[in-house]
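*Asks:* based on what follows, work out the 3D shape:
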Amino acid sequence: MGRFFYDNAANFVEIDDRALAHLRLVLMTKLRRGEPLMFETTSPHGTSRRDFWLHPTISVQFQFAGSRQPQINPKWIDALMESANSADGLRMVPEPQS
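*Replies:* Next up is the predicted model:
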């Protein structure tokens, strides 16, 4: 399990490395364009939910548990980007088959 840090080291959520790699690409695209967005995530066990308002001026950090870069699924990037561009904001949608 990797970690997504928001604003400071004490504010993070754990996310599977594969999902985190895809999330990183989507968030970096949005923030590089100067597009703030809402990001909704649930705990690994699905028992709680957190929402983050992401803005280009607030630092984010991605920490991966493994040393190997996961293979990227372009269809998942497209699905996540579609979610990020929606009125509800970015949600971790299931990975589509490649």
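*Asks:* which stretches of this structure form strands?
*Replies:* 2-6, 8-15, 37-42, 49-54, 60-63, 90-91 (DSSP state E).
*Asks:* and the last one, how far out from the chain middle?
*Replies:* Translated: strand 90-91. A distance of 8 Å separates the centroid of the chain from that of strand 90-91, by C-alpha atoms, centre = their mean, to the nearest Å.
*Asks:* how many residues are close by Asn8?
*Replies:* When neighbours are counted by other C-beta atoms under 10 Å, Asn8 registers 10. For every residue, glycine as well, the C-beta is placed using N, CA and C.
*Asks:* just Arg33 next, same as before
*Replies:* Other residues close to Arg33 by other C-beta under 10 Å number 8.
*Asks:* before we move on, back to that, redo the strands of the chain as a markdown table? Include mean pLDDT.
*Replies:* Putting these into a markdown table (pLDDT from 0 to 100) gives the following:
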| stretch | mean pLDDT |
| --- | --- |
| strand 2-6 | 93 |
| strand 8-15 | 87 |
| strand 37-42 | 91 |
| strand 49-54 | 91 |
| strand 60-63 | 95 |
| strand 90-91 | 95 |
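*Asks:* can you pull up the most central residue in this structure?
*Replies:* Nearest to the mean C-alpha position of the chain, counting by C-alpha atoms, centre = their mean, stands Leu23 at 3.2 Å.
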